[in-house]
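In: need coordinates for the below:
(2 chains)
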There are 2 protein chains.
Amino acid sequence: MLPKSKIKVVQSLKHKKNRINSNLFLVEGIKSFDELLKSNYKIEFTIISKETLANNKHYKNLKDLYVVSSAEINKLSGLKNNKSLISVVHKKNQKKESIDFSNLIIALDSVSDPGNLGTIIRIADWFNIKSILCSKNTVDLYNSKVIQSSMGSFTRVDVFYDNLEDIMGSKDISVFGTSTDGTDINNFEKPDKGIILFGSESQGVREHLKKYVDKWISVKKNGGAESLNVSVSVGIILHKLT
Amino acid sequence: MLPKSKIKVVQSLKHKKNRINSNLFLVEGIKSFDELLKSNYKIEFTIISKETLANNKHYKNLKDLYVVSSAEINKLSGLKNNKSLISVVHKKNQKKESIDFSNLIIALDSVSDPGNLGTIIRIADWFNIKSILCSKNTVDLYNSKVIQSSMGSFTRVDVFYDNLEDIMGSKDISVFGTSTDGTDINNFEKPDKGIILFGSESQGVREHLKKYVDKWISVKKNGGAESLNVSVSVGIILHKLT
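Out: Okay, the predicted model is just below:
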């Protein structure tokens, strides 16, 4: 039997305000949950469908499980087609001091699409980038769609929110800004460290951040499209630079 | 005044079956509509909000416009947050004979996410790839979300649906399959022509297509993620091969 109080917690965590106040967030689906179990994230409780529990023997000794029908999961979920499980998880305390400036780092300015942020976290994980800095207006890491599209990579990549100008202004570190008219990434020497800064597709890097950029880099086009999706740019540039 | 019959057409075109029967599809939003006007697609009619018409002087002499409130556009639209316009457009008759096998071509096997297909069309356009072949179970080009996420690039890239085995089996053309354990794309020589074949993220290229692959290629990882988003793989591989 699923207590109403638990339903209330899940519903509340669909809103960023409540995720901030409670320090909790939702992880949905088997893939993300499996990665969660391997990580040091602390799970508060998990609501799981009978079928999911029956088909995943490794869940059978987990504590704090509430078993319901898959229809109930689907109804509770904020995602399309989640019929497996919803887990309530404690956020990690991300300390700015733990950002590893001795390696390449990604910075995102004003990335608002949750799918893009999740995909970028997954790309960072693929290329072994450990830290992502986000401007404060970038979409919340703990948004269910970000977590889902990161496919578990959120457990291995640290995401920090701050004023980017504070970090780029205070650190003696190179900033590589991405734009449509910088140096062709194919003619650009791999740096050992530094911040690779991406803006939104529509606006690019915002004006007040441009003065911190030491060098502009680009993925050159030879066709008709006006822009590349920001996560695709991140993929191409990280593949080239790592 | 917007006739009910027009509303009915728009509603019907949200379903693939009706798009097939009528040979019509929907284009939503200013960006895609502007690209449409530059193309040789034939527009049947367009429903537009007063504000959009007032703010876009170049629309004022267009025929077959129905002007409504932005709330009405929003209500009619299948997309989130479209308050500008919805256009009903005639499909182009894509003939297999027009596929340009003298250049690199993309083939997609079982790509189901509309955002991915749209993003891949945009990437193809960026790198000047003119044709995309899709397996019959790949998401419909004329799905509104595909059209929207292609950001107008659907007007410049031809997308064909067929049994991929029929094309790959009948043509004397190299097929480069993408997988996680092929030749590192960094050690792979640029081909002048050929088909680059991508499978879905979860399954990869399906078994019955593997025998047509001449060479397997990969984007190598050095981190923890299990896979890359298929559109990100397409971006990295096209950047390397074009």
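
In: buried stuff in the longest strand anywhere in chain A?
Out: As far as residue count goes, and with DSSP state E defining each element, the longest strand of chain A is strand A:175-184. Burial within strand A:175-184, assessed by neighbour count using 16 or more other C-beta atoms under 10 Å in any protein chain shown, is assigned to A:Val175, A:Phe176, A:Gly177, A:Thr178, A:Ser179, A:Gly182. Where C-beta positions appear, they are placed from N, C-alpha and C, glycine not excepted.

In: in a markdown table: the residues you listed, plus pLDDT.
Out: Formatted as a markdown table, the entries for these read as follows, by pLDDT from 0 to 100:
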| residue | pLDDT |
| --- | --- |
| A:Val175 | 97 |
| A:Phe176 | 97 |
| A:Gly177 | 97 |
| A:Thr178 | 97 |
| A:Ser179 | 95 |
| A:Gly182 | 94 |
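
In: and which of these is nearest chain B?
Out: Proximity to chain B was ranked across the buried residues of strand A:175-184 by C-beta to the nearest C-beta; first place goes to A:Thr178, at 13.4 Å.

In: contacts only, for that closest one.
Out: By C-beta atoms under 8 Å, 6 or more residues apart in numbering or on different chains, A:Thr178 lies in contact with A:Ile196, A:Leu197, A:Phe198, A:Gly199, A:Val205, A:Trp216, A:Ile217, A:Ser218, A:Val219, A:Ser233, A:Ile237.

In: helices - which of these land there?
Out: Assignment to helices by DSSP state H places the following of these there: A:Ser233, A:Ile237.

In: closest to chain B among the contacts of A:Thr178?
Out: When the contacts of A:Thr178 are compared for distance to chain B, the smallest value, 6.3 Å, is given by A:Val219; criterion: C-beta to the nearest C-beta.

In: list phi and psi for that closest one.
Out: Backbone geometry at A:Val219, expressed as degrees, to the nearest 10, gives phi -100, psi 110.

In: quick check, it in contact with A:His239.
Out: No: the pair A:Val219 and A:His239 does not pass the contact test of C-beta atoms under 8 Å, sitting 10.4 Å apart.

In: same drill for these two, tell me which one is more crowded.
Out: Ranked by neighbour count (other C-beta atoms under 10 Å in any protein chain shown), A:Val219 and A:His239 place A:His239 first, with 25 against 21.

In: now do the shared contacts for A:Val219 and A:His239.
Out: Listed contacts common to A:Val219 and A:His239 are B:His239; contacts here mean C-beta under 8 Å, 6+ apart.

In: from B:Lys95, how far out is A:Thr242?
Out: Taking C-beta to C-beta, to the nearest Å as the criterion, A:Thr242 is separated from B:Lys95 by 42 Å.

In: and those two? which has more neighbours close in?
Out: Taking neighbours as other C-beta under 10 Å, A:Thr242 and B:Lys95 compare with A:Thr242 leading, 17 against 9.

In: distance check, A:Ser202 against A:Ala54.
Out: Taking C-beta to C-beta as the measure, A:Ser202 falls 46 Å from A:Ala54.

In: again with A:Lys92
Out: Distance from A:Lys92 to A:Ala54, counting by C-beta to C-beta: 31 Å.

In: in terms of neighbours, single out the busier of those two.
Out: Neighbour comparison, A:Lys92 and A:Ala54: the larger count goes to A:Lys92, with 15 against 12 (by other C-beta under 10 Å).

In: what's near enough to touch the nearest residue to that one once chain neighbours are set aside?
Out: The shortest distance from A:Lys92 to any residue other than its chain neighbours is 6.5 Å, reached at A:Tyr41 (C-beta to C-beta, 6 or more residues apart in numbering or on different chains). The neighbours of A:Tyr41, taking C-beta under 8 Å, 6+ apart as the test, are A:Val89, A:His90, A:Lys92, A:Thr155.

In: now do 10 Å
Out: Neighbouring residues of A:Tyr41 by C-beta atoms under 10 Å, 6 or more residues apart in numbering or on different chains: A:Phe25, A:Val27, A:Glu35, A:Ser87, A:Val89, A:His90, A:Lys91, A:Lys92, A:Phe154, A:Thr155.

In: same question, A:Gln148
Out: Contacts for A:Gln148 (C-beta under 10 Å, 6+ apart) come out as A:26-29, A:31-32, A:78-80, A:82, A:114-115, A:118, A:154.

In: give me the buried subset of the residues you listed.
Out: The neighbour-count criterion (16+ other C-beta under 10 Å) marks A:Leu26, A:Val27, A:Glu28, A:Gly29, A:Ser32, A:Gly78, A:Asn82, A:Pro114, A:Gly115, A:Gly118, A:Phe154 among those as buried.

In: who are the contact partners of the first one?
Out: Same thing as A:Leu26. A:9-10, A:12-14, A:19, A:32, A:47, A:76-79, A:86-89, A:142-144, A:147-148.

In: one more: the third one?
Out: With contact set as C-beta under 10 Å, 6+ apart, A:Glu28 has these partners: A:10, A:47, A:73, A:76-79, A:82, A:84-87, A:144-145, A:147-148.

In: pick the one among these closest to chain B.
Out: A:Lys145 (11.4 Å).

In: dump the buried residues of strand A:175-184 into a markdown table; add distance to A:Leu104 as well.
Out: Putting the buried residues of strand A:175-184 into a markdown table (distance: C-beta to C-beta, whole Å) gives the following:
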| residue | distance to A:Leu104 |
| --- | --- |
| A:Val175 | 12 |
| A:Phe176 | 9 |
| A:Gly177 | 14 |
| A:Thr178 | 13 |
| A:Ser179 | 18 |
| A:Gly182 | 17 |
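
In: which of these sits closest to A:Ile123?
Out: Compare each of the buried residues of strand A:175-184 with A:Ile123 using C-beta to C-beta and the shortest gap goes to A:Thr178, at 13.7 Å.

In: is the closest one bridged to anything, and to what?
Out: A:Ile217 (DSSP bridges).

In: buried residues, the lowest-mean-pLDDT helix or strand in chain A. List them.
Out: With mean pLDDT, DSSP states H and E as the measure, the helix or strand of chain A carrying the lowest mean pLDDT is helix A:164-170 (a mean of 92). For helix A:164-170, the buried set under the neighbour-count rule, 16+ other C-beta under 10 Å, comprises A:Leu164, A:Ile167, A:Met168.

In: could you report the pLDDT at the closest residue to the second one other than its chain neighbours?
Out: Think A:Ile167. Leaving aside its chain neighbours, A:Ile167 sits nearest to A:Leu133 (6.1 Å; criterion: C-beta to C-beta, 6+ apart). According to the predicted model, the pLDDT of A:Leu133 comes to 97.
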